[in-house]
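Chemist: For reference, the sequence and a predicted model appear below.
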Amino acid sequence: MYKIRTVDVWDTLLRRDCHPECIKLATARHLFLGWFKQLKPEYRDVWSLYKVRIESEQVLAMNSRAVDKDDEYEINEVLSHWLTVVFFEEVGAELASYLAEFEFSVEIARSFVDPEISFFLHTYQAENTFFLSDFYMNAEMLQRLLSAKGLDALVKGGFSSCDVGLNKRSGRIFSYVHRSYSVTPEQHLHIGDNEWSDVSCPQSLGINAVHYQPILAHSDRLAREHLFLSRDILFEHLTTECSALAKEASVGLLERQAAALSLGVDAAPLFIGFVIWIAEQAVLENLDRLYFFTREGEFFYQIFSILFPENKFCGHVLPPSSVLAVSRLSTFLPSMQEISIEEMTRLWSLFKVQSVSGLFLTLRVDIKDFDWLLDELCLKPTDAIIDPENSQALRNLFESKIFKEAVKSSLNNQSALLRSYLIQNGFELAQRVGAVDIGWRGTIQDNIAKIMNDNQLHGMYLGLRKLINRQPENVSKVAFGINENNSEGYQFFFENFAVLEMLCGSPHGSVSGYELKDGIVIPIRELDKEENLAYDDFIEFFQRGVLLAAKQWKSYLERYVVSSSELNGIALCIWNTLRRTPDKHLVDVFLATPQNDVFGYGEIFRRNQYPSLKTILLATFLPSKRQQLVEFIRRVQWTQAIKNAKGISVFHRVILLLLFRAAHLVKFLRLRMKFRKK
């Protein structure tokens, strides 16, 4: 029997479910998120921080060699040196100690006991067993780690190379162990996985060394570490896994349902990246609360709940989050500062047409009570007024005392209800509020900001169009995907914004207002049966695919410390693919799904009712036909939908395609001119 038996720690006693460098990368991201403002500009990136961490290790290793030690360093020393380089100002030792403990917690989370080591050690008996590791965490931390994994009875104490400045690679730590325990090399058995450090080197010193490298465990380790070589390798691996899961989940589904589920799996990185980015923003912006706005926010919240079930993100606690039942319709009236045409321009700047019936619906005033007034003003409920801001008839309507009183009463009622609803959902407990929505100009956020002017609202969107209305002072807005306010050349991405809205939609209807029931404010939801047919037939399965992929991605995102910026390029590629080469079933669903146009024409718009060739021809001469054609293009926008449309002749399709492309080119050139002037 041997006097002592030393056992390597990593890949012998313990294994990790990721590459070892992922642990350091996690510490870099923890620092990035929690101390962003203290970092020098050149280090405000996780990978830059990680690189400097490695450089700090190299500096300390060189310093150790300069005093006749091996290239060893201790974690607190490394972190202190690292912080000195990346921070504007010097920091105390407390932060380095805190980060060392954080990294230790990550090691606990990412490690597990080798499944065969306990049985293996029974074949090599010794009087005492100690761990012996080349590692930058000291022996006390390693013992705590082994204890956390239930290995106290197997290993009681040991040595870490950073404590003595000597390591197994040089062989000098073995001699140190012999002196410490007064044993000879022949009385010492060492077990480990590294062929040189754990076998060849100790054997050259007369130590009995055994190579421990179980075939399956070693193979799994190499596979896990291979995924760290590049994000392309990692994402390709995930794509393969998710495709297999989609194929399995599609068994028994109809063709279009299976296509929708597969499309959701393929598109998942777009939404996963968006949700990771939301979590990053929540920490970086020190938000007190996160609200996911209906309707698209309901879907985003499901993804968020899958990725962050414990409300934690890389060691940081995320703010409380929930779905908030709001809409442009339910928040505009309560946000009005006065009953005037000027206040209505906040809507009309977005919608160039206003139906009379839609106006009364927006203001929650019963149009039947004002039949007489409309007659006096020569207005009909079915009228659609182009350029409403300059309509004298509408101006006369807003100058009517009885109309203004009715709107004022409605405004006061809905404003009180909305404010109560927001307070009921925790608004007064949060100074800095995060608003999550799909996009595109953040008008719901603006409306709420006007009502809750003591709160700071930070809007997080998949995409942002050019901001038109004057922004409230308590509002900030950022986008994960495309932001037209600080970049150009991506305007074509918004061709299919309505498709993205449809894919991220909810079957629970749109919020039209609020009512009080038993002392609780309840959102009023308006369900659209035709719209829900599309959800039940296609969209639900698309979202299932995204959620299926999110569950599979979750552990990899944590283990390999994936940032939203690393998914941004893939996300934009997916967005563009959905726009340019859409699935045929998606096009069919989009064209067949009606759009309830409350703010514009106040009617149900059907995208598959194409302007006839006669209308197109007459548009050259007749303003009414030209307006009809322009509105169809504006409301459909998606060129590829027309290209793949069914039930239309080739010639008819070609003409419409030319018109769509010409319209988009003109719009692009106008936006480009505005951007350059800015």
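Modeler: Now that the structure is in, tell me what you want to look at.
Chemist: okay, CA-based contacts and neighbour counts for the rest of this
Modeler: Fine.
Chemist: ok, the residue nearest to I207 when sequence neighbours are not counted - contacts?
Modeler: Distances taken as Cα to Cα, 6 or more residues apart in numbering place P185 nearest to I207, at 4.7 Å, with adjacent residues excluded. By Cα atoms under 8 Å, 6 or more residues apart in numbering, the residues touching P185 are 178, 205-208.
Chemist: ok, those residues vs L422, which is closest?
Modeler: L422 has its nearest neighbour among the contacts of P185 in H178, at 69.3 Å by Cα to Cα.
Chemist: What score does the closest one have for pLDDT?
Modeler: You'll see H178 listed with a pLDDT of 97.
Chemist: Quick one: neighbours of it, just the number.
Modeler: When neighbours are defined as other Cα atoms under 10 Å, H178 has 15 of them.
Chemist: secondary structure element for it?
Modeler: Following DSSP states H and E, one finds H178 within helix 172-181.
Chemist: Contacts made by that helix with the rest, please.
Modeler: Contacts to helix 172-181, defined as Cα under 8 Å, 6+ apart, come from residues 161, 164, 166-168, 184-185, 202.
Chemist: Next secondary structure element downstream of it?
Modeler: Next along from helix 172-181, by DSSP H and E: strand 188-192.
Chemist: Just the buried residues out of the contacts of P185, in PyMOL syntax.
Modeler: Buried members of those, defined by 16 or more other Cα atoms under 10 Å, are picked up in PyMOL with:
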select buried, resi 207+208
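Chemist: from the contacts of P185, which ones fall inside strands?
Modeler: Judged by DSSP state E, the contacts of P185 include N208 as members of strands.
Chemist: how about a markdown table for the contacts of P185, with distance to L287 added?
Modeler: Converted to a markdown table, the contacts of P185 look like this (distance: Cα to Cα, whole Å):
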| residue | distance to L287 |
| --- | --- |
| H178 | 55 |
| L205 | 59 |
| G206 | 61 |
| I207 | 58 |
| N208 | 58 |
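Chemist: and which of the contacts of P185 is nearest to P115?
Modeler: Nearest to P115 out of the contacts of P185 is N208 (Cα to Cα; 23.4 Å).
Chemist: Show me the beta-bridge partners of the closest one.
Modeler: Counting by DSSP bridges, N208 forms beta bridges with L189.
Chemist: Contacts only, for it.
Modeler: 185-186, 188-190, 202.
Chemist: Mind putting the residues you listed into CSV with distance to A662 and pLDDT?
Modeler: Formatted as CSV, these follow (distance: Cα to Cα, whole Å; pLDDT from 0 to 100):
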residue, distance to A662, pLDDT
P185, 84, 97
E186, 86, 96
H188, 82, 98
L189, 79, 97
H190, 76, 98
P202, 76, 98
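Chemist: What about those residues, which one has the most neighbours?
Modeler: Highest neighbour count within the contacts of N208, by other Cα under 10 Å: P202, with 27 neighbours.
Chemist: can you give me the offset of the one helix or strand I23 maps to from its chain's centre?
Modeler: Here I23, judged by DSSP H and E, is contained in helix 21-34. How far helix 21-34 lies from its chain's middle: 18 Å, per Cα atoms, centre = their mean, to the nearest Å.
Chemist: Name the residues of stretch 245-261 that are buried.
Modeler: Residues of stretch 245-261 classed as buried by neighbour count (16+ other Cα under 10 Å): 245-246, 249-250, 256-261.
Chemist: Show me how this structure divides into domains.
Modeler: 1-228, 236-328+420-584, 329-419, 605-677 (automatic domain parsing).
Chemist: Quick one: end-to-end distance for the second one.
Modeler: Using Cα to Cα, to the nearest Å, the end-to-end distance of domain 236-328+420-584 comes out at 25 Å.
Chemist: about what we covered before: farthest pair within the contacts of P185?
Modeler: Spanning the widest gap among those are H178 and N208, at 13.1 Å by Cα to Cα.
Chemist: hmm, back to that, with the contacts of N208 in mind, which one is nearest to F300?
Modeler: Nearest to F300 among the contacts of N208: H190, at 52.4 Å, using Cα to Cα.
Chemist: residues touching that closest one, list them.
Modeler: Neighbouring residues of H190 by Cα under 8 Å, 6+ apart: 5-8, 198-199, 202, 207-210.
Chemist: what pLDDT does G439 get?
Modeler: G439 carries a pLDDT value of 90.
Chemist: and if you look at R653?
Modeler: The model's pLDDT for R653 equals 87.
Chemist: Could you tell me whether V436 really is in a strand?
Modeler: Yes - remark: V436 belongs to a strand, assigned using DSSP: H, G, I helix; E, B strand; the rest coil.
Chemist: correct me, but it touches L457?
Modeler: No - with contacts defined as Cα atoms under 8 Å, V436 does not count as touching L457, sitting 10.2 Å away.
Chemist: okay, and the common contacts of the two?
Modeler: Residues touching both V436 and L457 by Cα under 8 Å, 6+ apart: none at all.
Chemist: So what's the residue count around the nearest residue to N608 once chain neighbours are set aside?
Modeler: In space, and not counting its chain neighbours, N608 is closest to L591: 5.2 Å by Cα to Cα, 6+ apart. Other residues within reach of L591, judged by other Cα under 10 Å, total 20.
Chemist: do the same with L457
Modeler: So L457, with other Cα under 10 Å, has 27 neighbours.
Chemist: How about E280?
Modeler: Close neighbours of E280, defined as other Cα under 10 Å, add up to 22.
Chemist: how far away is it from H316?
Modeler: For E280, the distance to H316 equals 10 Å [Cα to Cα].
Chemist: Which residue is the nearest non-sequential neighbour of the residue nearest the centre of the chain?
Modeler: With distances taken as Cα atoms, centre = their mean, V275 lies nearest the centre of the chain, 1.7 Å away. In this structure, V275 finds its nearest non-sequential neighbour in F304, 6.0 Å apart by Cα to Cα, 6+ apart.
Chemist: The one you found: what secondary structure?
Modeler: Here F304 is recorded as helix under three-state DSSP.
Chemist: Tell me how far it lies from S563.
Modeler: Computed as Cα to Cα, the F304 to S563 distance reads 15 Å.
Chemist: Check D454 too.
Modeler: In terms of Cα to Cα, D454 sits 32 Å off from S563.
Chemist: Quick check, pLDDT for E77.
Modeler: 96.
Chemist: Please disregard the earlier target; I meant L422.
Modeler: With respect to pLDDT, L422 has a value of 97.
Chemist: which other helices and strands contact the helix or strand encompassing E558?
Modeler: Using DSSP H and E, E558 maps to helix 540-559. Contacts defined by 3 or more Cα pairs under 8 Å, 6 or more residues apart in numbering; DSSP states H and E place helix 540-559 against helix 231-249, helix 255-284, helix 296-307.
Chemist: and that helix, how far from the chain's centre?
Modeler: That offset, for helix 540-559, works out to 12 Å (Cα atoms, centre = their mean).
Chemist: That helix versus helix 231-249: what angle between them?
Modeler: Note on geometry: by axes from the mean of the first three to the mean of the last three Cα atoms, to 10 degrees, helix 540-559 and helix 231-249 are set 140 degrees apart in direction.
Chemist: avg pLDDT for helix 540-559?
Modeler: pLDDT averaged over helix 540-559 gives 97.
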